[in-house]
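S.K.: Structural data only, the sequence is not supplied:
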């Protein structure tokens, strides 16, 4: 029996657009119980020639240059927003008003005010909304969540999350848009510390106070289009925070693009009263687990590739690893199931707003030199 | 400008069929310079209902139950053989006679005689033929090949290759077809030691003599369809060999399914006169390299995920790993380029035959208790 | 030619006393160029029977119960202080007044005021004084120092140091003296974060401001001598700090005894503009180094066991590792060389005082919720 | 109460002599229950000046140049033989005839005939005899033995032992005595493969048949004393063997000095029916253990540094590692306990003889190209 088709419109076709479109293409080939057949209907971008090429390469049926016209189409079910953060609010609010299911790449917005408006819009419209923090759906992270929820490592005392990269350590690396506050909102803070922080909210609980430290090591860089000239870097190169959680745990967040050799080192360590967990995105198929059990205790490296592990029954036999992009496939799989169930998936725009509150507090703390508190969120 | 389409017929749709069909679906979405557009035209299997379901799930346009009829079709360009080894010869020879490009999953055949006939058939027909030993196209393995070819580790003295799994260590695991000599040809020898050995031929050179040891730990197991009854296991549970290479290097091969905790541990270590290389499929995106360079020498772990590394420009930014199935995507990418260039890809049926000679020698050595020599191969 | 003998008096014979006495016993057997022959003359403790037993076990010639009488002896050259921190000041000041060379186990004192008095006393007396922060003399740490000083990793941007243990995570672990502020001064802060911080001063430079967070997870525990009763824990279970260094680097310190599975995980990571360094005490013979060098870059694991590496010519051939206690042997080796040269070794009491200033600032910051600045130290 | 003193005479003071003398010096300082107080009475060597220097450096009371005179002394209790293998037989037989307790560094002898005579001599004399294969007493190896004996990994199917070094990979490395058959007996075979093999006998059981392969990569090298001239290398650079054990397990041994980056890589992996063990001398304080236990199974890394682990109560708190030389301290500790108990320690000269039989069989197999059987040993 053929499944009902859902038509997807993708806005933006760069790095994230490639990852999302792969997820839409692949999900039904591997997850037998996916409740709909997603159709890659239309990809949207500003430049006709480029978006036409993206259509062909990414496997969409159509391309378009005006996202508002696409939102107006009756045949479009899902809007997938993969543009830079400064345009998320405008698109998402319009998509909500058009009654579409929305998948929005993180960060939800570049500032708190926009994030609040976006949440209000989707609530008012009553649409399904999801924030794409794909790392929650790496199987090893989902397994960590299970282990914690089952109480296997006891009450959590410590969270230690760092996201280290090295791509701008060269002072001659150009002043790209990600280094402009007006476009990117922030630097490492919103781009990568945000992942570390989102994972802490998923695995540990709500942060209630932070002491932050943002640092810009290189304040001017060559302009991308005119390397003879230099432009100002007005975002953070590195971001750090001490954290107090509602449940009494304490933590540390860090994001930096100045760690040579760390390509995509999104690493977390959690210490509970009975055990510990360690995960690193560069070895994303592994979870290191310590559970106190006498003289033979030790950190064990679990190859999270077994059919018994989260999401893995869809893929290959044990020991056959999956890649980065599969985390997006798992995200759209869960979104489609949420649509079928008529329930909001997690993380959604409420998470996006709460995430923005935490990032905002870290930034304010870095300016004031004072701890900042974060109001505890309610999800209805 | 649209690329010319090549129509693919896939014979077999199980584990390997899933991996191959994914490769055909994905290759053009990631490799911009792929010279053809492959079309998943028809999937072939014995059981109508099952193959119909496979068609939908794997994304083929059509399905069929008679492979001979499919071979007779003019519109089919490529035959991709993913059936068990005992049917490879019949299908491949017929495909060659039909003038098709052939991709054949390893092992080429279950015995030496079949392998010889297959090579003769493709040579007579003058078709493009490729053997799918996908691990040659893991980026880290391809990088190892570059490093060796550039002389960076000098002359090779040692090859140490083991392929360890654990899926039949439980004596109550059933006597599946892979444990029957009539179906599978051999056990760990042909299934996994064959990979270790093929990688040695790729990276080190030709083995010229072997001393082999095959062992069956559990000689009877419950029958899959009637667990109250037991059937004989007449293949090897583990296979080992000492190896002499033509270039003076010495080596060791092992394959076993009796190594608890080793899920897919296809590991090799190569020691040359100037350095060493280590690779492990369970961390397939990493290559460990030692090059002697004074007091700061050490094994370095290269994250083989950079656009400068083999195949990786097609995928994600540095540090974003790829999965097992991507090695098949790289295989069909290279096959399509070989078709465009009118050249035989490697490994091809000549390699398949030579591989079979080595496996055959290991088996004979295990029986006779004597070293067996392997004639050096010529590839014209 | 026999070397001149120096007579050592050891005050305290517990864990640290065992480690120091081993160093005095061993140093001349391995370091041929040690300029004196140290003699284990007298061990001092409060309880006659216990100290008599310690004399025999640790290999001292004599034992004593009154340290003031020992300080008054003309034949004693070196006073080695291994008592708990609350008695360091009294003993060290008296030793200085008696004109002895002093080796004092860290922390220099339990508070800033005592540390200042101690430094004043040794300066006034003009004696040689050394603080025992033994980890500076793990060969891998000394190699890290060389690499940094040679500029091989460029300007330093990040220091990340954690010292994790797990020995009090059980709430029923007793309220030992280390958990009493009056005896121990602080908890993880002075005991283990202090090592992390001292290593940052050695390898990176002076911290000038900190934001601290101390946390006590378990506020009452069974009393050691009467487990039916409970006593208050008034020190920190975990301590954390954000750090700004004088040279523009930013950092993070953490010490905790609540990390299951981390037995003695004193780990640091340093990121510079050209490379990175990682070290972990649990694998103390290894240093991980990344130096950017093109497509074959990767973290390399150096086995710091070669005669070319710091201190290692005294020990075994490459690959034969040394143990924890050897770091103390290296410390007394360097102390004896400093005595011969008539120069103050490092770290010395000036370092001890500066260390205390940093710990003090972290504690104050944790109370006030404000960043605290640390005056830059001068060493004359 | 003072313990009875046992006087030790050490024959040979090079690398092994240094390691043994350290053990004799240290054992009573750490093991409270050692039943005797060993006295470093006399060190013996051929060259007066050198042995006098060794006496001072190693801490012996006396030195001597004539070992026969030392053997004749009534006050000597233990003869510790640390000379090259070609003199073991003569010294050990004389020591037995003199009624001394004997500790003999491995290999027991350079050939089978000598080993047989040595065993006959100690049996006839009724003395305590021990072979020093120190790696049996690395705590992690002793823990592995416990785990196996308790049945925790079930019946053993596989042993994989390699001992890799790299110190002669440079063709200009001189033709030292270890590369002369007349002095050393063999190359990697007796020097390092012998450790791998001895550990298999300790942990798995008796090997009963081997297929061996010895290889010499560099057949001539500069003479140490006259580098302009070249001398023949007549020992193996690398040695390999396939192994059948009496209990049905199969195995692999390898020793080589041609593995760049492997400094002292004595690694073993054992696969049983319920689990696996991995150990590597370069990280000698760790044991990796896999025990099948459902979805959270994984190789766990045990820090074998806890007081509950073998030998470790004598040393430091958990996580504080010990070094290479401690394995010798554990060896003499067990020897002294065996003397007190009047029982033969293991390994002893019977093990030495059996070890020699296995090495002999590997060498013969390499020459004949045929499997060689080894008679099963009896220990009475």
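M.R.: On my side now, so go ahead. Just so it is clear, the structure is predicted and the values come from calculations on it, not from any experiment. Numbers count the residues shown, from 1 in each chain, chains lettered A, B, ... in the order given.

S.K.: from here on, contacts and neighbour counts on C-alpha atoms
M.R.: Will do.

S.K.: So the residue of the stretch 101-250 of chain A found nearest chain C: helix, strand or coil?
M.R.: Residue of the stretch 101-250 of chain A nearest chain C, by CA to the nearest CA: residue A:169 (6.2 Å). Following DSSP: H, G, I helix; E, B strand; the rest coil, the label given to residue A:169 is coil.

S.K.: Show the pLDDT at it.
M.R.: On pLDDT, residue A:169 comes in at 97.

S.K.: One more: residue A:378?
M.R.: Here the pLDDT value assigned to residue A:378 is 48.

S.K.: Equivalent analysis for residue A:299, please.
M.R.: Reading off the model, residue A:299 has pLDDT 98.

S.K.: circling back: for the residue of the stretch 101-250 of chain A closest to chain C, what are its contacts?
M.R.: Counting by CA atoms under 8 Å, 6 or more residues apart in numbering or on different chains, residue A:169 touches A:257, A:258, A:259, A:260, C:273.

S.K.: Isn't the third one up against residue A:163?
M.R.: Same thing as residue A:259. No. Residue A:259 lies out of contact with residue A:163 (CA atoms under 8 Å); the separation is 9.6 Å.

S.K.: What is the burial count for residue A:69?
M.R.: Neighbours of residue A:69 under the rule other CA atoms under 10 Å in any protein chain shown: 9.

S.K.: Which helix or strand contains it?
M.R.: If you go by DSSP states H and E, residue A:69 is part of helix A:67-71.

S.K.: Rounded mean pLDDT for that helix, please.
M.R.: The average pLDDT for helix A:67-71 rounds to 98.

S.K.: Give me the contacts around it.
M.R.: Applying CA under 8 Å, 6+ apart, the external contacts of helix A:67-71 come out as A:9, A:11, A:44, A:45, A:64, A:76, A:79, A:91, A:94, A:95, A:98, A:100.

S.K.: Swap in 7 Å and give it another go.
M.R.: Helix A:67-71 is contacted from outside by A:44, A:95, A:98, using CA atoms under 7 Å, 6 or more residues apart in numbering or on different chains.

S.K.: Relative to residue C:157, how far out is the residue of the stretch 101-250 of chain A closest to chain C?
M.R.: Distance of residue A:169 to residue C:157, computed by CA to CA, to the nearest Å: 10 Å.

S.K.: Next: residue A:94.
M.R.: Distance of residue A:94 to residue C:157, computed by CA to CA: 43 Å.

S.K.: do residue A:290 as well
M.R.: For residue A:290, the distance to residue C:157 - CA to CA - is 32 Å.

S.K.: How about residue A:288?
M.R.: Distance from residue A:288 to residue C:157, by CA to CA: 29 Å.

S.K.: what's the answer for residue A:3, then?
M.R.: In this structure, residue A:3 and residue C:157 are 54 Å apart, going by CA to CA.

S.K.: And residue A:122, by the same measure?
M.R.: For residue A:122, the distance to residue C:157 - CA to CA - is 42 Å.

S.K.: One more: residue A:23?
M.R.: 37 Å.

S.K.: on that earlier part again, right, and the helix or strand after the helix holding residue A:69?
M.R.: Per DSSP H and E, the first helix or strand lying C-terminal to helix A:67-71 is strand A:78-81.

S.K.: Can you get me the centre-to-centre distance for that following strand and its chain?
M.R.: Mean-position distance between strand A:78-81 and its chain equals 15 Å (CA atoms, centre = their mean, to the nearest Å).

S.K.: And stretch A:355-370, by the same measure?
M.R.: Per CA atoms, centre = their mean, the centroid offset for stretch A:355-370 relative to its chain is 19 Å.

S.K.: neighbouring contacts of that stretch?
M.R.: A:111-112, A:189, A:198, A:210-214, A:241, A:371-372, A:374, C:369-371.

S.K.: Can you say which of these are buried?
M.R.: With burial judged by 16 or more other CA atoms under 10 Å in any protein chain shown, the buried subset of these is A:111-112, A:189, A:198, A:210-214, A:241, A:371-372, A:374, C:369-371.

S.K.: residues contacting residue A:38?
M.R.: Applying CA under 7 Å, 6+ apart, we find residue A:38 in contact with A:5, A:6, A:7, A:8, A:24.

S.K.: Whichever of the residues you listed end up buried, select them in PyMOL.
M.R.: To isolate the buried ones among those in PyMOL, judged by 16+ other CA under 10 Å, type:
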select buried, chain A and resi 6+7+8+24
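
S.K.: quick one on the thing from earlier: which of residue A:94 and residue C:157 has more residues huddled nearby?
M.R.: Each of residue A:94 and residue C:157 has its neighbours counted (other CA under 10 Å); residue C:157 has more, 24 against 19.

S.K.: Just the closest residue of chain A to chain D, please.
M.R.: Chain A approaches chain D most closely through residue A:300 (3.5 Å), counting by CA to the nearest CA.

S.K.: Next secondary structure element downstream of the helix or strand encompassing residue A:103?
M.R.: Element membership of residue A:103 [criterion: DSSP H and E] is strand A:101-105. Where DSSP H and E defines the elements, the next helix or strand beyond strand A:101-105 is helix A:112-125.

S.K.: Can you give me the buried ones in that following helix?
M.R.: A:112, A:114, A:115, A:116, A:117, A:118, A:119, A:120, A:121, A:122, A:125.

S.K.: Provide a list of residues in contact with the first one.
M.R.: So that's residue A:112. Residues near residue A:112 by CA under 7 Å, 6+ apart: A:353, A:356, A:357.

S.K.: Now render those residues as TSV, adding neighbour count, distance to residue B:144 and secondary structure.
M.R.: Below are the contacts of residue A:112 laid out as TSV (neighbours: other CA atoms under 10 Å in any protein chain shown; distance: CA to CA, whole Å; DSSP: H, G, I helix; E, B strand; the rest coil):
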residue	neighbour count	distance to residue B:144	secondary structure
A:353	24	46	helix
A:356	24	44	helix
A:357	22	47	helix
